[in-house]
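I would like to see how this sequence folds:
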Amino acid sequence: MGVRSRFAVMSLTEAAAGRIREIVEDADEPVAGLRIGIKKGGCAGMEYTMQKVAAPEAKDERIEEKGVSVFVDPSAVLFLLGTVMDFETTKLRSGFVFRNPNEVSACGCGESVMLKPAEMPGASAAS
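Now for the predicted structure:
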């Protein structure tokens, strides 16, 4: 049994899980799942990162949902809380889409976002 998060950092749609499953199955080397993070960059300030991983890092948050594994970089957890990861195909492009309640704004091209950290569940204001 894998270690589960105390709370779900993010969730996956069926389309996202299906695409992750394809990536894992089509990989030339063993892949445990995708690692999601954020980095500084783009015109809005931050970009989502994704990479195939053979094994997660010890501090990664692990999400096992719909038969696939996603690992969240610990430095990205507060920025990704409540996010739904989807996979969309349109006439012009196909790719992963993040519906993130912590998103303040996005650039016009949709490649970068401005994010604010979420408040931790159960955190109460000091009295």
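
now do the spatially most central residue of the chain against residue 92, distance only.
In the chain, the C-alpha nearest the mean C-alpha coordinate belongs to residue 36, at 4.4 Å (C-alpha atoms, centre = their mean). Per C-beta to C-beta, to the nearest Å, residue 36 is found 24 Å from residue 92. The C-beta positions use only the backbone N, C-alpha and C, and glycine is treated the same way.

the residue nearest to the centre of the chain against residue 69, yeah?
No. Residue 36 is not in contact with residue 69 according to C-beta atoms under 8 Å; the separation is 11.1 Å.

next, give phi and psi for residue 16.
phi -70, psi -50 (degrees, to the nearest 10).

how about the helices in the protein?
14-26, 77-80 (DSSP state H).

name the nearest residue to the residue nearest to the centre of the chain, sequence neighbours excluded.
Nearest residue to residue 36 in three dimensions, chain neighbours excluded: residue 72, at 5.3 Å (C-beta to C-beta, 6 or more residues apart in numbering).
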